[in-house]
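K.L.:
Fold the following.
(2 chains)
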Amino acid sequence: MIKMENLDLSGFFTTNVEAADFLTRLSAISEQIYKTDFDLEKALIEQLGVSKKDRFAILLRDNKILFGSNSALKDFFDKIREKISSMPVISLTLAFEPGEETLKILSDWFPLNINRQILLDIKIDTNLIAGAYISFNGKYLDSSVRPIFDQTYKELSAV
Amino acid sequence: MPILPFQIVNLAADLIIFFVAGYYFLNFVKREKELEEKEKQLREKEGKIDIDYHQVVDNALTKEKKIIEDATAQAATIIAKTEFVTQDSKEMVNRALRQMSFDIQKESDDIGRKFVGDYEMFLNKLSTTSLGEFQNTTKEFGADLEKQIKEFRETLLPNIEKEIENYKLERFKTMDKAINVIIQKVSEKALNKSIPPEDHNNLIIESLEKAKKEGIFD
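P.N.:
Below is the predicted model:
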């Protein structure tokens, strides 16, 4: 029996868009499972790339899924799908398009600081200037530079 | 040889020739005379004919001369009469023309005087009427214009001035806003771009830390 808490998917995606792409690729592999010439390693490389194939192989090993057991593999894929759909989504508005480095910092920060994996719904608004606008479960925080800028500008304009 | 017979024969021959020649000579003379006689007769006849001819020609010439003289006389008479008539006619026509000219001149003078008089009267009437009307219209127009100017100064002008002032203020406000927006946008862009990626990342992490402290993720 696979436990949901043991499924650490942090290395595969950070945002909800990446998670959707990951699910699409898993579905493509899942469709090939019962084919006679199915080769899991080859399919993982084709769909996820070498780096993520290795990570996925570790994930299979940690969850005690045998490479030859097609039915167990299919159940594992279903569990991953279930896990992703149950992940909390945090809306994060940034002042710029985040690069790989920024996404890595974000994906590392959440497991370390709130002890759970989340999906980020990233939006871009250059009016924020810098910082971030965070929204989660109906709560929000405007921690951008925008309010500071507006206040400063207002003070300067009054002079 | 006997000479005598020969001489006789010779003499006889000469006599014959002589007689024959004499006969022909007489015959010739006779004919000559007849010819002369005929010639004389012919000349006489010719002379008579010539006389008749001259007489006829003279008569004809006389008649012709008379006819020409008569014609000349008649022509002279006709010409004289014609000249008289022509002269008379000329004088008559001249008289008629002079009279006609005089009449026309007189009539034109009369008509001209009448026309000038009528026109002068018409102009006087017209100028009097038009001037009066024009003065009236001008007065009305002037009064109306003055009234309008007065109204404009009293009511419209202050309103327009006020509207212009409001418009100016509104425009200044709009311009101020536009300028502020421009400055703001430029500042934002400049500030956004001037922040290094590391600082951006740090600011994001600070934001997440703050959200964590405020319990956003609970």
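
K.L.:
alpha carbons only for contacts and neighbour counts from here, please
P.N.:
Will do.

K.L.:
mind giving me the domain ranges of chain A?
P.N.:
What automatic domain parsing lists as the domains of chain A is A:13-86, A:89-158.

K.L.:
Tabulate the CA atom coordinates of stretch A:39-54 in CSV.
P.N.:
Output of stretch A:39-54 as CSV, limited to C-alpha atoms (Å, rounded to 0.1, in the frame of the first residue of the first chain):
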residue,chain,number,x,y,z
ASP,A,39,10.3,-0.7,-21.8
LEU,A,40,9.9,1.5,-18.7
GLU,A,41,13.4,3.0,-18.6
LYS,A,42,13.1,3.9,-22.3
ALA,A,43,9.7,5.4,-21.8
LEU,A,44,10.8,7.5,-18.8
ILE,A,45,13.8,8.8,-20.7
GLU,A,46,11.6,9.7,-23.6
GLN,A,47,9.0,11.5,-21.5
LEU,A,48,10.9,13.0,-18.6
GLY,A,49,14.6,13.1,-19.7
VAL,A,50,17.6,11.4,-18.1
SER,A,51,17.8,13.5,-14.9
LYS,A,52,14.1,13.1,-14.0
LYS,A,53,14.2,9.4,-15.1
ASP,A,54,16.8,8.8,-12.4
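
K.L.:
buried ones in it?
P.N.:
In terms of neighbour count (16 or more other CA atoms under 10 Å in any protein chain shown), stretch A:39-54 has its buried residues at A:Leu40, A:Ala43, A:Leu44, A:Gln47, A:Leu48, A:Lys53.

K.L.:
Tell me which of the domains of chain A sits nearest to chain B.
P.N.:
Judged by CA to the nearest CA, the one of the domains of chain A that comes nearest to chain B is domain A:89-158, at 4.8 Å.

K.L.:
Say whether chain B is contacted by that closest one.
P.N.:
Yes - Domain A:89-158 is in contact with chain B by CA under 8 Å from any CA of the partner chain, via A:94-95, A:102, A:105-106, A:114, A:126-127, A:129-136, A:139-141, A:143-144, A:153.

K.L.:
Please pick the buried ones from these.
P.N.:
A:94-95, A:102, A:106, A:126-127, A:129-136, A:140-141, A:143-144, A:153.

K.L.:
Looking at these, which are in helices?
P.N.:
Per DSSP state H, helices hold the following members of those: A:Thr102, A:Leu106, A:Tyr153.

K.L.:
Leaving out chain neighbours, which residue sits closest to the last one?
P.N.:
Among residues not flanking A:Tyr153 along the chain, B:Gln184 sits closest, at 7.8 Å (CA to CA, 6 or more residues apart in numbering or on different chains).
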